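K.L.:
Here's a sequence, model it:
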Amino acid sequence: MPKPPAPSIDLTGHLLIAMPGMEDELFGGSVVYLCEHNDQGALGLIINKTTDIRVRHLFSRLEMPLPRKDLADLPVLLGGPLHQDRGFVLHDVAGEGEDGYASTLPITSGLAMTSSRDVMDDLAQGAGPRHALLALGCSSWDEGQLESELAANAWLTVKADADWLFALPPQERYARAFALLGILPQQIVPTVGHA
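P.N.:
I've put the predicted structure just below:
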């Protein structure tokens, strides 16, 4: 009798927390919000590493106004190593008209990720999502790649808490992600033993 396929896991809406000791220059010490995870792979945004650009500067470079003072001084996130010339907006979907963006990936019932300029146009008009994180670049994993990294203990996972996603400054998100698991980063041994 053939062995049944291993059950697939769906970590959409979860956080990937880099294990202490991960030496990757970009992913070491990072927290990734997974926007999509399925049998074909995964897509996410690093939510705790920033560029040297503020949101107001990004809008200025795009020659767009930014009447949203709540967004102006936020740092633009370094979402990942891929497509760093493209913008990605992680946002809530509580506002009106947000279903009509050209390229939106629904994540959970209350969050989505949009990579088309129309969300920026809405924000420039003082409309659009109530809460938003802007990132340059994204992170992705091919089929089975993330599962292999999880099996190798490169990442911890926990369901994201949307309440603090938009409220916490980026530099506090790594420790808070560990707190969701009820542990401190320094309590983790970065190496794995084998019996």
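
K.L.:
Past the helix or strand bottoming out on mean pLDDT in the chain, which element shows up next along the chain?
P.N.:
One helix or strand of the chain scores below all others by mean pLDDT, DSSP states H and E: helix 162-165, with a mean of 86. As assigned by DSSP states H and E, the chain's next helix or strand after helix 162-165 is helix 173-180.

K.L.:
Low-confidence stretches in this protein?
P.N.:
Residue ranges of the chain with pLDDT under 70: 1-7, 94-99, 189-195.

K.L.:
in the protein, which spans are helices?
P.N.:
55-61, 69-72, 118-124, 145-151, 162-165, 173-180 (DSSP state H).

K.L.:
May I see those helices arranged in a markdown table, with distance to Gly100 as well?
P.N.:
Any C-beta I mention is one placed from the backbone N, CA and C, and that applies to glycine too. What follows is the helices of the chain, written out as a markdown table (distance: least, C-beta to C-beta, whole Å):
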| stretch | distance to Gly100 |
| --- | --- |
| helix 55-61 | 21 |
| helix 69-72 | 20 |
| helix 118-124 | 8 |
| helix 145-151 | 31 |
| helix 162-165 | 22 |
| helix 173-180 | 30 |
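
K.L.:
can you redo these as TSV with distance to Val32 and mean neighbour count?
P.N.:
Shown next, in TSV, are the helices of the chain (distance: least, C-beta to C-beta, whole Å; neighbours: other C-beta atoms under 10 Å):
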stretch	distance to Val32	mean neighbour count
helix 55-61	20	16
helix 69-72	22	13
helix 118-124	21	20
helix 145-151	10	15
helix 162-165	12	14
helix 173-180	10	19
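
K.L.:
and the residue lying closest to Pro75 once chain neighbours are set aside, how many neighbours?
P.N.:
Once flanking residues are discounted, Pro75 sits nearest to Thr50: 3.8 Å by C-beta to C-beta, 6 or more residues apart in numbering. Around Thr50 there are 18 other residues, counting by other C-beta atoms under 10 Å.

K.L.:
Can you tell me how far Thr50 is from Gly137?
P.N.:
Computed as C-beta to C-beta, to the nearest Å, the Thr50 to Gly137 distance reads 12 Å.

K.L.:
Hmm, Ala154 is touching Met19, no?
P.N.:
Yes. The pair formed by Ala154 and Met19 meets the contact definition of C-beta atoms under 8 Å, at 5.9 Å.

K.L.:
between these two, which one's more packed in?
P.N.:
When Ala154 and Met19 are compared on other C-beta under 10 Å, the one with more neighbours turns out to be Met19, at 20 against 16.

K.L.:
In contact with the more buried one, which residues?
P.N.:
Neighbouring residues of Met19 by C-beta atoms under 8 Å, 6 or more residues apart in numbering: Asn153, Ala154, Trp155, Leu156, Ile188, Pro190.
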